[in-house]
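build the 3D model from these lines:
(4 chains)
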Number of protein chains: 2
Amino acid sequence: MRSPLRDHIRQVLLEGLISGRWEPGERIVERRVAAELEVSQAPVREALRELEALRLIESSPNKGARVRPLTAADLREVYEVRAGLEETAARLGVPRVEELRAHTGRLHVAAAAGSLDDQVRHSVAFHREIVAASGNAVLLSVWESLGVEVWTHLSIRLFRMRPDENAADHEPLVEAFEAGDPGAGRMLREHVLGYAPCDSR
Amino acid sequence: MRSPLRDHIRQVLLEGLISGRWEPGERIVERRVAAELEVSQAPVREALRELEALRLIESSPNKGARVRPLTAADLREVYEVRAGLEETAARLGVPRVEELRAHTGRLHVAAAAGSLDDQVRHSVAFHREIVAASGNAVLLSVWESLGVEVWTHLSIRLFRMRPDENAADHEPLVEAFEAGDPGAGRMLREHVLGYAPCDSR
DNA sequence: AAACACCCTATGATCGATCATTGGTTCTTT
DNA sequence: AAAGAACCAATGATCGATCATAGGGTGTTT
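Here you go, the predicted model:
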């Protein structure tokens, strides 16, 4: 066994959160998870702390970890931050348009096939490409710490939100980037906010 | 003893990083820290992971943690992200102008007294107020995860950067917020970027 | 001497056990 | 019965010990 123990545990916990095995507000008991996976308590703790950094769980001293209750307002906050980060990314660098087109194409296919998981995956990849193209590693790291993919899955399950099923929404963005349109950043921000819940405007 | 063991350890490590006890690139050995503080290895590991989330150290499996070598380019990346976050914050909410004035005043005093630490502290408080006023808890949490205060101390020590000694720089911002100037966000972004190293423009 | 295999130490990763806190339960006391 | 004290089980926090890997040293082969 090399060293991916806590990585494996984190993955199991993540899948449990996405699939709804643990409901929001429910406690996640370190020893139970440890016993089930036949590992010790320590790596479970570490995995839980990583999930805490993703804001998926919350914990208080001596009281343990519980699944963070996810409200539409929380989700909106995440979208607002994400929109700002992606706008910043668009200002800093130009994404590889071919990549964007490839992701958009796969998104089309997934939407046609009705595969929610694939839609989420390719949509996330589209946006990640933009952030990565900024050339700013800190920005990418912060963006990833938002846990976009997981939150998207959760919002679909908990709020019955639809994934951005119309890949067409992405086309204008690609064209703006290709044309070097200085308004691409703003477009991107609006695009992201458009999927946030309770858009107050 | 209640539960702040790992918090205490994190604080000790933080102070060591700021003070230069551990130089960039140097290894931080879990057991040595544990022995010195007369605690076990486990809480030291947890504290190290928190510092890793702040991007202050980096670690790879089975190879341990080392102080992240801090380059001017890294620092610039942090400033770019920070500038974007604060611009987003300014768009979302209006800070309490009295608070801003109070922080600016203290900044003046600290600058006059030549107290670097106080200058950093009050400058950070000024910007934090703006982010907190956004009303977006995720935004605040992400901003704090940038570790602005620590990075500022480090950049002063490693690059002999000057803190934003002229509190006057903050005055126009306060006035823009007070006037409800829609350009306040952009001003704030420029202000933050102005302190970043290697401004290429 | 270069290349390679083997061993050895330091140390990160993990474990099983123990300490300490929280929250509930029961037992008085009024 | 309500209020409080004492007890108890569950579990998070911490510990000391063990397992396993990385890197360096040493000897052997060519």
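
state the three-state secondary structure for residue A:117.
helix (DSSP: H, G, I helix; E, B strand; the rest coil).

any idea how far it lies from residue A:111?
12 Å (C-beta to C-beta, to the nearest Å). Glycine gets a C-beta too; all of them are placed from N, C-alpha and C.

list the contacts for the residue most central in space within chain A?
In chain A, the centroid-proximal residue (C-alpha atoms, centre = their mean) is residue A:148; its distance is 1.1 Å. Counting by C-beta atoms under 8 Å, 6 or more residues apart in numbering or on different chains, residue A:148 touches A:82, A:124, A:127-128.

just the pLDDT for the nearest residue in space to residue A:42 that is not next to it in sequence.
Among residues not flanking residue A:42 along the chain, residue B:42 sits closest, at 6.5 Å (C-beta to C-beta, 6 or more residues apart in numbering or on different chains). Listed pLDDT for residue B:42 reads 97.

buried residues of the helix or strand hosting residue B:42, list them for me.
Counting by DSSP states H and E, the element that carries residue B:42 is helix B:41-53. Residues B:42-51, B:53 are the ones in helix B:41-53 that count as buried (16 or more other C-beta atoms under 10 Å in any protein chain shown).

tell me the residues of chain A that contact chain B?
Chain A comes close to chain B at residues A:2-4, A:42, A:45-46, A:49-50, A:53, A:55, A:61-62, A:74, A:77-78, A:80-81, A:83-85, A:87-88, A:91-92, A:136-139, A:141-142, A:145-146, as judged by C-beta under 8 Å from any C-beta of the partner chain.

do that again at 6 Å, thanks
Within chain A, the positions near chain B by C-beta under 6 Å from any C-beta of the partner chain are A:3, A:53, A:61-62, A:77-78, A:80-81, A:84, A:88, A:136, A:138-139, A:142.

mind listing what's buried in the lengthiest helix in chain A?
In chain A, assigned by DSSP state H, the helix with the most residues is helix A:72-92. For helix A:72-92, the neighbour count (16+ other C-beta under 10 Å) marks A:74-92 as buried.

pLDDT on that helix, on average?
96.

can you name the element that comes right after that helix?
helix A:97-113.

list the buried residues in that next one.
A:99-100, A:103-104, A:106-108, A:110-111.

likewise for stretch A:29-40?
Buried, per 16+ other C-beta under 10 Å, within stretch A:29-40: A:30, A:33-34, A:37, A:39.

ok, those residues vs residue B:181, which is closest?
Among those, residue A:30 lies closest to residue B:181 (C-beta to C-beta), at 50.5 Å.

isn't that closest one right up against residue A:39?
No: counting by C-beta atoms under 6 Å, residue A:30 stays clear of residue A:39, with 10.6 Å between them.

so where's chain A shaky on pLDDT?
A:1-3, A:164-167, A:199-201 (pLDDT under 70).

who in it is up against DNA strand C?
A:1, A:3-6, A:38-43, A:46, A:61-63 (C-beta under 7 Å from any atom of the strand).

same thing but 6 Å
Contact residues (C-beta under 6 Å from any atom of the strand) of chain A with DNA strand C: A:3, A:5-6, A:39-43, A:62-63.

export the buried residues of stretch A:29-40 to JSON lines and tack on secondary structure?
Below are those laid out as JSON lines (three-state DSSP):
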{"residue": "A:30", "secondary structure": "helix"}
{"residue": "A:33", "secondary structure": "helix"}
{"residue": "A:34", "secondary structure": "helix"}
{"residue": "A:37", "secondary structure": "helix"}
{"residue": "A:39", "secondary structure": "coil"}
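
among those residues, which ones lie close to DNA strand D?
Okay, of the buried residues of stretch A:29-40 touching DNA strand D (C-beta under 6 Å from any atom of the strand), that's residue A:30.

with respect to DNA strand C, which of the buried residues of stretch A:29-40 is nearest?
residue A:39 (3.6 Å; C-beta to the nearest atom of the strand).

hmm, back to that, contacts for the helix holding residue B:42, please.
If you take C-beta atoms under 6 Å, 6 or more residues apart in numbering or on different chains as the criterion, helix B:41-53 is touched by A:53, B:5-6, B:9-10, B:13, B:30-31, B:33-34, B:57, B:59, B:65.

restrict that helix to CA atoms and write it as CSV.
Extracted in CSV, the C-alpha atoms of helix B:41-53 (Å, rounded to 0.1, in the frame of the first residue of the first chain):
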residue,chain,number,x,y,z
GLN,B,41,2.9,13.8,16.1
ALA,B,42,-0.8,13.8,15.3
PRO,B,43,-1.8,17.4,16.1
VAL,B,44,1.4,18.6,14.4
ARG,B,45,0.3,16.9,11.2
GLU,B,46,-3.1,18.5,11.4
ALA,B,47,-1.6,21.9,11.9
LEU,B,48,0.8,21.4,9.0
ARG,B,49,-2.2,20.5,6.8
GLU,B,50,-3.8,23.7,7.7
LEU,B,51,-0.7,25.6,6.8
GLU,B,52,-0.7,23.7,3.5
ALA,B,53,-4.1,25.0,2.8
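
right, is the helix or strand following that helix up against chain A?
Going down the chain from helix B:41-53, the next helix or strand is strand B:57-60, by DSSP H and E. No: legend: contact between strand B:57-60 and chain A by C-beta under 6 Å from any C-beta is lacking; minimum distance shown is 9.4 Å.

strand B:57-60 near DNA strand D at all?
No: counting by C-beta under 6 Å from any atom of the strand, DNA strand D is not contacted by strand B:57-60; separation bottoms out at 8.0 Å.
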